[in-house]
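Undergrad: Have a look; sequence and predicted model below, questions after that.
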Amino acid sequence: MLASHVDPCPRLFFVATVTRSELPELEALARIIELGAGWLEARVMGQARLADGTTYPVYVITLGNPAKEVPAVGYFGGVHGLERIGAEVVLAYLHNLVMRLQWDSSLHRQLETVRLVFMPIVNPGGMALGTRANPNGVDLMRNAPVQATEPVPFMVGGQRISAGLPWYRGVKDKAMELENQAVCEAVTAELLSRDFSLSVDCHSGFGSRDRLWFPYAHKRAPIAHLAEMQAFKNIFVQSHSHHRYVIEPQSLQYLAHGDLWDHLYLQACTQPQRVFLPLTLEMGSWLWVRKNPRQLFSRHGMFNPLIEHRQQRVLRQHLLLLDFLSRAASGHRLWLPTPENRAQHHAQALQDWY
């Protein structure tokens, strides 16, 4: 049963009709929405348009308790069109939830205490084109109005030379791309409006380890909620003793202009009474290439597992992480630092990461 203030009648809210497309991920999302018609709310935040006029919807899916008193978790994928595995991880978890809702009474009780927000395919146009950037040639993770305060790697840190080159930031002082505006609208409405929220943005393509990054990307200074991030790491490690994630600030690897999650985190910090902890999952795609070197000859293969059993293993592995986030949000009052131990958490984080 859902909380008494949540309408228990099965229904699905649409601001736009679910559409089929030649994108397998969008077709999978449409099927999940149909299967979850009794529990999900779905709406289209915008339409990504290709040069030939073809359009693809940018969906946001929500379930759980809509009351602003409960915490929330956001799940994002497909920001870079080449990294399809990120979208597939989020879709796999959403499908898992929908199937469990048909029989899992404990999940129903959990959803009384948390709001879950999904944007599995942020950049459907880039995914259709097989490009990292969106159809305008803009890298969505370099497009936010955040300027690095320290030197960034040439090109990789974001450039305004040409949309024909990777890591293009877009035209200076122009509004963010439609896809980023959709993410910001969803995050502001569903996450930043609550006292506590988490998010994870699923990517691939960095090294041979799976990494969980947190801000900042635009400078090396610690975030305001460093103690909270340390406490989050502690409960994850304690409950997943055999995990293989490296949890660290992104700045330990490289700095970049225009990071979307830096932008949203800085927005959240204007409300100091609230806590927003955005994470980025960087799946180590070099592992897949090492086991199947032929993937080097495919742009898709450089960022995604091409062999079916490896893809299934990746989806299973990260399902545990995504489910942990919803449980951590539900129980956040039990593990967030208290005034008495916050300084200890902060000092430990400085020692671990800085």
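TA: Everything's here; your move.
Undergrad: and Thr280, which of the three is it?
TA: What DSSP: H, G, I helix; E, B strand; the rest coil gives for Thr280 is strand.
Undergrad: which non-adjacent residue is nearest it?
TA: Leaving aside its sequence neighbours, Thr280 sits nearest to Trp213 (CB to CB, 6 or more residues apart in numbering; 4.3 Å). Yep, even glycine has a C-beta here, placed from its N, CA and C like the rest.
Undergrad: Does that neighbour belong to a helix, a strand or coil?
TA: strand.
Undergrad: Report pLDDT for it.
TA: Predicted confidence (pLDDT) for Trp213: 98.
Undergrad: beta partners for it?
TA: Beta-bridge pairing for Trp213 (DSSP bridges): Glu248, Thr280.
Undergrad: need the contact list for it.
TA: By CB atoms under 8 Å, 6 or more residues apart in numbering, the residues touching Trp213 are Glu248, Pro249, Gln250, Gln253, Leu279, Thr280, Glu282.
Undergrad: repeat that with 7 Å
TA: Glu248, Pro249, Gln250, Leu279, Thr280, Glu282 (CB atoms under 7 Å, 6 or more residues apart in numbering).
Undergrad: Pick the one among those residues closest to His332.
TA: Closest to His332 out of the contacts of Trp213 is Leu279 (14.3 Å), distances taken as CB to CB.
Undergrad: Not counting its neighbours along the chain, what's nearest that closest one?
TA: That would be Val200: by CB to CB, 6+ apart, it lies 4.6 Å from Leu279.
Undergrad: before we move on, what about Leu320?
TA: His240 (7.1 Å).
Undergrad: Quick check: phi and psi at that neighbour.
TA: Backbone torsions for His240, taken as degrees, to the nearest 10, come to phi -140, psi 70.
Undergrad: So which of the contacts of Trp213 is the closest to Thr54?
TA: Looking across those and measuring by CB to CB, the closest to Thr54 is Thr280, at 29.1 Å.
Undergrad: gap between that closest one and Pro222?
TA: Distance of Thr280 to Pro222, given as CB to CB, to the nearest Å: 17 Å.
Undergrad: So which of those two has more stuff around it?
TA: Thr280 (24 against 18; other CB atoms under 10 Å).
Undergrad: can you give me the strands for this protein?
TA: Assigned by DSSP state E, the strands in the chain fall at 41-49, 55-64, 72-77, 115-119, 196-204, 210-214, 245-249, 275-283.
Undergrad: any chance of those in TSV, plus distance to Gln351?
TA: Listed next are those as TSV, based on distance: least, CB to CB, whole Å:
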stretch	distance to Gln351
strand 41-49	41
strand 55-64	36
strand 72-77	28
strand 115-119	34
strand 196-204	24
strand 210-214	16
strand 245-249	13
strand 275-283	20
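Undergrad: Poorly predicted segments of the stretch 151-300 of the chain, please.
TA: Residues of the stretch 151-300 of the chain that meet the criterion pLDDT under 70 lie in 296-297.
Undergrad: Return the residues in contact with the residue nearest to Leu279.
TA: Tyr75, Leu279, Leu281, Leu322, Leu325.
Undergrad: same thing with His300?
TA: Residues near His300 by CB under 7 Å, 6+ apart: Leu82, Gly130.
Undergrad: measure it to Pro293 for me?
TA: 15 Å.
Undergrad: now swap in Leu226 and tell me
TA: 40 Å.
Undergrad: Please say which of the two ends up with more neighbours.
TA: Leu226 (23 against 9).
Undergrad: Leaving out chain neighbours, which residue sits closest to that one?
TA: That would be Ala349: by CB to CB, 6+ apart, it lies 4.6 Å from Leu226.
Undergrad: separation between the one you found and Gly137?
TA: 38 Å.
Undergrad: try Asn304
TA: 21 Å.
Undergrad: Which of these two has more residues huddled nearby?
TA: A side-by-side neighbour count of Asn304 and Gly137, using other CB under 10 Å, places Asn304 first with 23 against 18.
Undergrad: hey, where'd the helices end up in the stretch 251-354 of the chain?
TA: All helices of the stretch 251-354 of the chain, identified by DSSP state H, counting those that start in this stretch, fall at 260-268, 286-291, 308-330, 332-335, 342-353.
Undergrad: and among those helices, the most buried is which?
TA: Of all the helices of the stretch 251-354 of the chain, helix 260-268 has the most neighbours on average by mean count of other CB atoms under 10 Å, namely a mean of 22.
Undergrad: now for that one, which elements pack on it?
TA: Under the contact criterion of 3 or more CB pairs under 7 Å, 6 or more residues apart in numbering; DSSP states H and E, helix 260-268 touches helix 178-190, strand 275-283.
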